[in-house]
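>>> Predicted model, plus sequence, below.
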Amino acid sequence: ITLSAAALTFILILLLSISLANNLIKPLMKLTQAVDRVSKGQEVNKIEIRSKDELGLLADSVNTMMKSIKVNDEELRKSAQRFKEFISFSNTGAWEFFSDTGYLWCSKEYFSMLGRDEEDFDLSGKANLEETWTNLIHPDDKQRSSDSFGAYLSGGSQGIYENHFRMQHKDGNWIWIWSRGKTLRDENGNPTNVTIGTHIDVTQSKKAEQEIRELNKSLEEKVEERTKSLEKSLHEVNILFSKLESQNLALNSSAIVSTTDLEGNIIDVNDEFLRVSKYTREEVLGQNHRILKSGLHSRAFFYKLWHEISNGRIWRGQIKNAAKDGSYFWVDSVIAPILGENGAPVQYLSIRFEITKQKKNEKALKEAEERGRNILESVNSGIFGTDTEGIITFVNPSVEELLGFRADELVGHKAHDLFHHHLPDGSEYPE
C-alpha cells in the first residue's frame, strides 16, 4: 500500500509538471522569446496563446504592442525613404557630426555637389572632420568657418548653426556652400553630441549677388553723374528755380506731384500742388484733374496725352492750368503710367514744374522784339547793324530806300564793300 501511494504521488507530480510545462512554462517562454526578438529589432510573428487567463491577456497585449511597433517601423521606414529622396532630388548634402568622436558622416549628395565620390573618404566612424570638411574649404574662409562651427558647439548649441563658405570642387573650382545645422537634444532638453545639418550649393546665388552689387555700383555712378549734370543745368537755367539744396528738397519744394487712378481722379497730391492750385487737400482728393482745366488746350491735345499714357508710354508737355481763384499757371509736366503685374497701367504719376514766370518772360520778350521791330521800321532814318567784321546783320526799310539795295542784298555782306567808297576828305579808297 505504501509503494502504491508513493507511486501515485510521483504520477501526480509528473502530471502536474507536464501541465505546468504546457500551460505556463511554454507560454512564458514564447512571451520571453518574442520580447527578446522585439528588443533586438527582429521581426516577430503573432504569439498564439488562446487561454483566457492572465497569460492570454498578456499575450494579447504583447501582440498589440508588436503590431504597433511594426506600424511605427513602417512609418519610420517610409519617412526615412522620403527624406532620402528629398535629399537626392533637391541636390542637398546631408551631414551628421558626432562631437564626442570628431566623426563627420556625409551623404552621397554632400560629395557629389563637389564632384567627389564618397568612397574616397573615410566614413568608418573615426575622426575625419579635417578630411571631409576643413581641408576642402577655401584658405580665406577656413579659419572663419571653423571658428564659427566651434563657437556654435561650445556655446551650448543654441538655435540654428548657419554659415557660408567656399569648398573646392574636384575640377579645381570653388563652390559656395550654405551650411545649416542644429544640435539634437535629449528628453530633458540638454544638447547631445550629435549635430545634423545640410549643405546647399549657392554658387549661382552668390554670382547673382555679385552682379547685383556691380550693377548697383554702376547705377550709383550713373545716378551720381546724372545728378551732377542736372545740378549744373539747374544752376544755368536758374530763371525758374533757385539752387536746389537737396534732391528731397527739390521734389517737395519745387515739384508739383500728384497721383491719379485710370480715370484721372486724384488719389494723392503733395504740398506744392496745393500751394500752386490754391486748393486744400480735402477739396482735391477724389476730384478729377479736370478741375484744373484752363480751357486753352483743345480736345485733340488731351486725346493725344491720354493715348500716350494709357498705352504705357510717358507724356511730356506744357499745360496751362487754372487755380481755384481763377488765376492761371503754366507747368512743364511729365506724366508716367504706373504699371501693374500684367504690364498695363494701374495709376498715373504726374510730376510738374511751374513755368509761369518763364512764360511771362517769353511773352514780354516777344512783345519787346515786336516793339523794337516796329520802331526800326517806322523811323525815317536809315539804321543798320554790323558784327565786329563789318558784316551787316540787319537793316530797316529806310536803308533800302536811301541806298537802293534790297535787304537780302545787304544782310550778310560787308558794308565797306557795298557803299563806303570815299575817305572823309572826299578822296576815293584805293583799289
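Received it, and whenever you're ready, just let me know what you need. Numbering: from 1, shown residues only.
>>> can we go C-alpha only for contacts and neighbour counts from here?
Noted.
>>> Surely residue 305 is within a helix?
Yes - assessed by DSSP: H, G, I helix; E, B strand; the rest coil, residue 305 belongs to a helix.
>>> Not counting its neighbours along the chain, what's nearest it?
residue 315 (6.3 Å; C-alpha to C-alpha, 6 or more residues apart in numbering).
>>> Could you give the bridge partners of residue 164?
Bridge pairing for residue 164 (DSSP bridges) gives the partners residue 178.
>>> wait, what's in contact with residue 166?
Contacts for residue 166 (C-alpha atoms under 8 Å, 6 or more residues apart in numbering) come out as 137-138, 141, 174-177.
>>> And the buried ones among these, selectable in ChimeraX?
In ChimeraX, a selection of the buried entries from the contacts of residue 166 looks like this (16 or more other C-alpha atoms under 10 Å):
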select :137,138,174,175,176,177
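>>> and of the contacts of residue 166, the nearest to residue 348?
Distance to residue 348, by C-alpha to C-alpha, is smallest for residue 176 among those, at 43.6 Å.
>>> Could you write out the alpha-carbon coordinates of the helix or strand harbouring that closest one in CSV?
Following DSSP states H and E, one finds residue 176 within strand 174-185. The C-alpha coordinates for strand 174-185 follow below in CSV (Å, rounded to 0.1, in the frame of the first residue of the first chain):
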residue,chain,number,x,y,z
TRP,A,174,35.4,76.8,-55.8
ILE,A,175,31.7,76.2,-54.9
TRP,A,176,29.8,78.4,-52.5
ILE,A,177,28.1,76.4,-49.8
TRP,A,178,25.3,77.4,-47.5
SER,A,179,25.7,75.3,-44.4
ARG,A,180,22.9,75.0,-41.8
GLY,A,181,22.6,72.6,-38.8
LYS,A,182,21.2,72.0,-35.4
THR,A,183,22.3,70.0,-32.4
LEU,A,184,19.9,67.3,-31.2
ARG,A,185,18.6,67.4,-27.6
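>>> Can you pull out the residues in contact with that strand?
So strand 174-185 is contacted by 114, 138, 157, 159-169, 191-203, 206 (C-alpha under 8 Å, 6+ apart).
>>> same thing but 6 Å
By C-alpha atoms under 6 Å, 6 or more residues apart in numbering, the surrounding residues in contact with strand 174-185 are 157, 160-168, 191-192, 194-203.
>>> Among the residues you listed, which lie within strands?
161-168, 191-192, 194-201 (DSSP state E).
>>> Only whichever of these are buried, select them in PyMOL.
A single PyMOL command selects the buried members of the ones in strands among the contacts of strand 174-185 (16+ other C-alpha under 10 Å):
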select buried, resi 161+162+163+164+165+166+167+168+191+194+195+196+197+198+199+200+201
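>>> before we move on, the earlier item: does the residue nearest to residue 305 really touch residue 335, like I thought?
Yes - with contact defined as C-alpha atoms under 6 Å, residue 315 reaches residue 335; the gap is 5.3 Å.
>>> can you give me the helices in the stretch 151-300 of the chain?
Taking DSSP state H, counting those that start in this stretch as the criterion, the stretch 151-300 of the chain carries its helices at 203-236, 247-253, 271-277, 281-284, 299-310.
>>> Of these, which is nearest residue 370?
Among the helices of the stretch 151-300 of the chain, helix 203-236 comes nearest to residue 370, with 27.0 Å by C-alpha to C-alpha.
>>> so where do the strands sit in the stretch 251-400 of the chain?
In the stretch 251-400 of the chain, the segments counted as strands under DSSP state E, counting those that start in this stretch are 255-260, 266-269, 315-322, 328-339, 345-354, 384-386, 392-395.
>>> follow-up on the earlier one: what angle sits between the strand holding residue 176 and strand 161-168?
With axes from the mean of the first three to the mean of the last three C-alpha atoms, to 10 degrees applied, the angle from strand 174-185 to strand 161-168 works out at 150 degrees.
>>> Show me where the protein dips below the pLDDT cut-off.
Where the chain drops to pLDDT under 70, the residues are 1-60, 62, 69, 71-74, 76-91, 234-253, 372, 374-380, 419-431.
>>> Tell me which residue lies nearest the centroid of it.
residue 212 (9.9 Å; C-alpha atoms, centre = their mean).
>>> where's that one relative to residue 202, distance?
Distance, residue 212 to residue 202, by C-alpha to C-alpha, to the nearest Å: 15 Å.
>>> With residue 311 instead?
Separation of residue 311 from residue 202 (C-alpha to C-alpha): 40 Å.
>>> who has more neighbours, those two?
Taking neighbours as other C-alpha atoms under 10 Å, residue 311 and residue 202 compare with residue 202 leading, 17 against 12.
>>> give me every residue that touches that one.
176-177.
>>> going forward, begin numbering at 48 instead of 1
Got it, the first residue is 48 from now on, which makes the last one we talked about residue 249.
>>> Quick check: closest non-adjacent residue to residue 244.
Residue 244's closest residue in space is residue 228 (C-alpha to C-alpha, 6+ apart), at 3.7 Å.
>>> tally of neighbours for that neighbour?
Other residues within reach of residue 228, judged by other C-alpha under 10 Å, total 22.
>>> and if you look at the one 4 residues further on?
Look at residue 232: counted by other C-alpha under 10 Å, it has 14 neighbours.
>>> May I have the beta-bridge partners of residue 230?
Beta bridges link residue 230 to residue 242, judged by DSSP bridges.
>>> Surely residue 141 and residue 245 touch.
Yes - Residue 141 lies in contact with residue 245 (C-alpha under 6 Å); the separation is 4.4 Å.
>>> Counting neighbours, what do you get for the nearest residue to residue 305 once chain neighbours are set aside?
Leaving aside its sequence neighbours, residue 305 sits nearest to residue 316 (C-alpha to C-alpha, 6+ apart; 4.3 Å). The tally of other residues near residue 316 (other C-alpha under 10 Å) stands at 18.
>>> Residue 148 now?
Residue 148 has 13 nearby residues by other C-alpha under 10 Å.
>>> Residue 446 too?
20.
>>> my guess is it meets residue 432, correct?
No - counting by C-alpha under 6 Å, residue 446 stays clear of residue 432, with 10.9 Å between them.
>>> burial measure for residue 380, as a count.
20.
>>> How about the contacts made by it?
Contacts of residue 380 by C-alpha under 6 Å, 6+ apart are 363-365, 398-399.
>>> and of those residues, the nearest to residue 325?
For the contacts of residue 380, the nearest to residue 325 is residue 399 (15.5 Å; C-alpha to C-alpha).
>>> Would you mind confirming that that closest one is in contact with residue 301?
No - with contact defined as C-alpha under 6 Å, residue 399 does not reach residue 301; the gap is 8.7 Å.
>>> Between these two, which is the more surrounded one?
The neighbour comparison of residue 399 against residue 301 (other C-alpha under 10 Å) goes to residue 399, with 23 against 18.
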